[in-house]
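Asker: 3D, please:
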Amino acid sequence: MVDWGWVRGRAAATTETWPEPGRAAPWAPRLPDLSRLGQRVSPWLATEVAPGRLMPWLPVAFGGGVAIYFTADREPAWWAAVALAVVTAAIAVAAHRRPIAFPLTLALAAVAAGFATATVRTALLVHPVLARPLYNVDLSGYVEAREERDRTDRITIRVYSIDAPRLEQQLERVRLSVKKGTAPPVGAYIALKARLSPPLQPLRPGGYDFARLLYFHAIGASGFATSPITIAPPPAPPGLYLRFLAFIENIRDAVDARIRAVAKGDAGSIASALLTGRRDALTQQVNDAMYISSLAHVLSISGYHMAVVAGVVFFFVRAVLALIPGLALRRPIKKWAALAALLVATFYLELSGAEVATQRSYFMTAIVLLGVIADRPTLTFRSLSVAALVVLVFAPESVVDPSFQMSFAATLALIALYQHGLPWIAARRDSSLAARVALWGGREAVSLFLASLVAGFATTPYAAFHFHRLAPYGVIANLAAMPVVSAVVMPAGMLGIIAMPFGYDAPFWRLMELGIDWMDTVALWVASLPGAVGRIPAFGAGTLALGTAGLLMVCLLRTPLRWSGALVFAIACVLAFNAVQPDVLVAASGDSFAVRGPDGRLQVIKLGNDAFAIREWLAADADARGDARAVAAAVKVREGFVCDDDGCVAKLTGGGVVAVGISPAAFADDCARAALVLTTRSAPPACGAMVIDRMTPRQLGALALHRVGAAWEVTAAEPRGQDRPWAPAAREGGARVSVPAAGSATQHDATPREEDLRPDD
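Answerer: Next up is the predicted model:
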């Protein structure tokens, strides 16, 4: 029988030794009391989710959905994306009375809406993309765009007819480099012979996707003209859109010609860039100095230019109307001035080429001016949110573009500075001391300094990610140059355009030239300072996303919780500076390689005629050799390699060698002794080392290899299973070729370069 007395005694003992509810056992570790922290944080959280406070986060969630779309391996079905957006939106509507569920479901709906918008945009834009190089192509069509560049000109052609062997699909648009000075006018119908190449895929895993950029411009191939261009009678009248492009281009030509007739050299080129958007005729020295000094944003028409133009027109119109006493007292001349500024800003948008940064600037300026007309607050996070949503709805692909990222980051930081950091900018100071300081421009000088500092800091992560550059002296350059640009250059340019029909524009172009000469002097001086060129190795998109989250938290949160964003941003900086760099790089063409040597630097071997990939590799490795325009002049063809007639070998960091096989005779030794074999040929099936032969990069694109012990981790720019409209899956036999075989020194004049991705603020 069971001794129940013993059981009762044991239970009593257990009851006596077990702690009471709510009290910790004597052996338990003592945890910090978080109740006070919770009591302090709860009101902050309530403030952050109060009505109206979540509006700025809506475009963030929408843009996050667009970014998720671009990470997919295969193209999503548009109907599935739309269905998901509808379902999540219905859930958000159903939860609108629930204080916690509604913000969460609304954010989820915004993410789904961004994903669906990008999917539908791609489905509507679908067009053929060239799969392999074509030679001796007979091409005719209408010129839609024309660009002047440093060595060649470039045109975009809407194809009317195209004839070439092995052409599988009729292309809609192509972009060609032509001999400098031979580009035909926009709207002309031309015929020529050309060599076409597929859009350039990323030059390294994680690098910028040039093919995606061209795809969303509806361009299916790039190349260069191989025959003189013939302007012929069009087989059909050009459409209304093409006639409008030709009309705007004629205005740009007239303004550009008049400016360059008065202002010569780089000053004329920059003046034309500020007014017409043509920014590709600068000398290399001044162009590099503008980037190094962080003044390159002046060359890209963005928020600063649009604000100055609208501000000058607003001030001038309002001042003129104020001279009429009866009109000024009885009529809303402020609203009339805002309407005039809006019309001029619209004209400036079209004149300058309507790029993404200019569109964002126009929408933001339009919202501000409409706020003036409607007597509503203007410079707010809500205005920026509306502008961001408009841009993302009509051009969702811009979320991965450096221009969009840097533009909105700078604007977001400036609005945060204006609303939270410097409330005294807008406040009136009644004290005589404050009045005296403002009279001498002290407040304005401090504001300009802080604005330059904040905008530069906000755009630094994106400049580092896309261009691997930092601008240590950017604040100095902007403080010295931007007041002159704002007070002299831009107003003179606007007055020059107004006076141009009357023939009295020359004095304004000369005044503009003086201001630009000062800016060039500042840029060249800053670029010559010690340590002016800041470099940072490449890091991943996840790190950039983390830094973006930190920036958003600092700028959008209103309570002390925003300083947690500084911690997040600091973590992103640590990750960026400690990013692991590849040990071996292989070009998509399969004829250029880089091996990290014992000294930690990349040792480069270039068997073909393509230096573009090598330049990108060195820049992404924070190597000064990547700054050279012609990498072959700064890097020996086989630097760091020991070569004979059959192949080359290079030492690896941590020991071992990498062999590059040139002839079949090299495989016997290479397979037996090397840790890795790279070859432009087909490797033998039995090889003791890991082999990357010519078919691997052609199927997977550019490769990055990391050594892990005795094994290798391979990261591909176009991994197996990926199939997107701008990066279609390889066909049978490895037909995908991202970069054509070498053989033309001018091939890469037809591909986008850093100048095509110019950042702005």
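Asker: avg pLDDT for stretch 183-194?
Answerer: Averaged across stretch 183-194, the pLDDT comes to 90.
Asker: May I see the buried residues of that stretch?
Answerer: Residues Ala183, Pro184, Val186, Gly187, Ala188, Tyr189, Ile190, Ala191, Leu192, Ala194 are the ones in stretch 183-194 that count as buried (16 or more other C-beta atoms under 10 Å). (Glycine included, C-beta is placed from N, CA and C.)
Asker: what kind of secondary structure is the last one in?
Answerer: Right, Ala194. Put simply, Ala194 is strand when judged by DSSP: H, G, I helix; E, B strand; the rest coil.
Asker: Could you give the bridge partners of it?
Answerer: Val137, Ala225 (DSSP bridges).
Asker: Now for the buried residues of stretch 183-194: which two are most distant?
Answerer: Gly187 and Ala194 (19.5 Å; C-beta to C-beta).
Asker: pLDDT below threshold where in the stretch 651-761 of the chain?
Answerer: Where the stretch 651-761 of the chain drops to pLDDT under 70, the residues are 730-761.
Asker: picking up where we left off before, which of the buried residues of stretch 183-194 lies closest to Arg260?
Answerer: Looking at these and their distance to Arg260, the nearest is Ala183, at 15.7 Å (C-beta to C-beta).
Asker: quick one, what contacts the closest one?
Answerer: Applying C-beta atoms under 8 Å, 6 or more residues apart in numbering to Ala183 gives the contacts Val143, Arg146, Glu147, Glu148, Asp153, Arg154, Ile155.
Asker: Met122: helix or strand, and which one exactly?
Answerer: You called it Met, but residue 122 is Thr. helix 101-125 (DSSP states H and E).
Asker: by contact count, what packs against that helix?
Answerer: Contact analysis of helix 101-125 by 3 or more C-beta pairs under 8 Å, 6 or more residues apart in numbering; DSSP states H and E lists helix 57-70, helix 78-94, helix 381-394 as its packing neighbours.
Asker: Also compute the angle for that helix relative to helix 57-70, please.
Answerer: 50 degrees (axes from the mean of the first three to the mean of the last three C-alpha atoms, to 10 degrees).
Asker: Quick one: mean pLDDT for helix 101-125?
Answerer: Here helix 101-125 scores 93 as its mean pLDDT.
Asker: Now that helix: buried residues?
Answerer: Neighbour count says helix 101-125 has 102-103, 105-123 buried, by 16+ other C-beta under 10 Å.
Asker: Any idea how far that helix is from the middle of the chain?
Answerer: 21 Å (C-alpha atoms, centre = their mean, to the nearest Å).
Asker: ok, Ser592 touching Leu607?
Answerer: Yes. Ser592 is within contact range of Leu607, at 6.8 Å (criterion: C-beta atoms under 8 Å).
Asker: Pick out whichever of the two has more residues nearby.
Answerer: Per other C-beta atoms under 10 Å, whichever of Ser592 and Leu607 has more neighbours is Ser592, with 28 against 19.
Asker: Tell me what that one is bridged to.
Answerer: Lys606.
Asker: List the residues that contact it.
Answerer: Val586, Val604, Ile605, Lys606, Leu607, Gly608, Asp610, Ala613, Ile614.
Asker: Lowest-confidence entry in the residues you listed?
Answerer: Asp610 (68).
Asker: And the residue nearest the centre of this structure?
Answerer: Pro402 (1.1 Å; C-alpha atoms, centre = their mean).
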